[in-house]
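Asks: sequence and computational prediction follow.
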Amino acid sequence: DDQLYSPDHIYYINKKYISIDQLLKDTSTIVNYFMDLLKPSDNKLAMKLFGSRNGVLKERLRQQRSGHCIIHPCSNFRFYWDLVMLILLITNVIVLPVAIVFFIEDINSAKWITFNVVSDAFFLFDIVVNFRTGVLRNDYIDEIILEPRLIAIHYIKTWFIIDLLSSLP
């Protein structure tokens, strides 16, 4: 019984004893959940591109076999990331001009500085996300590029400079 509660075999978390095996299992469950967010889901775009749930499952397997931590353009993560970035962009377009015109004396307050730093950080991180997001090939709408080198080349040739210049503080 003493060995069961020895420091080598357990962690004391939230007033409960948890074995290392259970902790590793819980951690791998969280990692698997996050990795599933990067794969294509049964959303409208995926169903349009792949035709059926079976097609989506085949694309999930293709992405998994690629072995890279690539965000699929039809994934839930990408959908929610784009939604957050759209809200942040609209907020910046509306709030910042209003703040500059009507609240110029408060522009150096902690809340405005925090807002600017957080939004700049999100826009810079968006560049990283774009370097890791698969690309719909223009001439073949049903072909999605999941190779990191090809994704990077495509992003650099298209939106990278615009994203970088607009993300700098």
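Replies: All right, it came through fine.
Asks: so what's the gap between the host helix or strand of L83 and the chain middle?
Replies: Per DSSP states H and E: L83 is located in helix 76-102. Relative to its chain's centre, helix 76-102 lies at 17 Å (C-alpha atoms, centre = their mean, to the nearest Å).
Asks: what packs against that helix?
Replies: helix 110-131 (3 or more C-beta pairs under 8 Å, 6 or more residues apart in numbering; DSSP states H and E). Where you see a C-beta, it was placed from the backbone N, CA and C, and this is true even at glycine.
Asks: burial measure for R78, as a count.
Replies: Neighbourhood size, R78 [other C-beta atoms under 10 Å]: 21.
Asks: give me the contact list for stretch 51-68.
Replies: The contact list for stretch 51-68 (C-beta atoms under 8 Å, 6 or more residues apart in numbering) reads 38-42, 46-47, 49-50, 70, 72, 74, 134, 144, 146-148.
Asks: just the buried ones among these, please.
Replies: Taking 16 or more other C-beta atoms under 10 Å as the criterion, what is buried in these is 38-41, 46-47, 49-50, 70, 72, 74, 134, 144, 146.
Asks: export stretch 146-159 as CSV, just CAs?
Replies: Output in CSV follows, covering the C-alpha atoms of stretch 146-159 (Å, rounded to 0.1, in the frame of the first residue of the first chain):
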residue,chain,number,x,y,z
LEU,A,146,-1.1,19.3,-47.1
GLU,A,147,2.7,19.3,-47.7
PRO,A,148,4.3,22.0,-45.5
ARG,A,149,6.9,23.1,-48.0
LEU,A,150,4.2,23.6,-50.7
ILE,A,151,2.0,25.4,-48.3
ALA,A,152,4.8,27.8,-47.3
ILE,A,153,5.6,28.5,-51.0
HIS,A,154,2.0,29.2,-51.8
TYR,A,155,1.5,31.5,-48.8
ILE,A,156,4.7,33.5,-49.4
LYS,A,157,3.6,34.0,-53.1
THR,A,158,0.1,35.1,-52.1
TRP,A,159,-0.8,36.7,-48.8
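Asks: hang on, L49 packs against C74?
Replies: Yes - if you go by C-beta atoms under 8 Å, L49 and C74 touch, sitting 6.6 Å apart.
Asks: mutual contacts of those two, please.
Replies: E59, I144.
Asks: residues in contact with P73?
Replies: P73 neighbours (C-beta under 8 Å, 6+ apart): L45, T133, G134, V135, L136, I144.
Asks: quick check: buried residues in stretch 131-139?
Replies: Of the residues in stretch 131-139, F131, T133, G134, V135 count as buried by neighbour count, 16+ other C-beta under 10 Å.
Asks: the first one against L150, yeah?
Replies: No - with contact taken as C-beta under 8 Å, F131 and L150 are classed as non-touching, separated by 11.5 Å.
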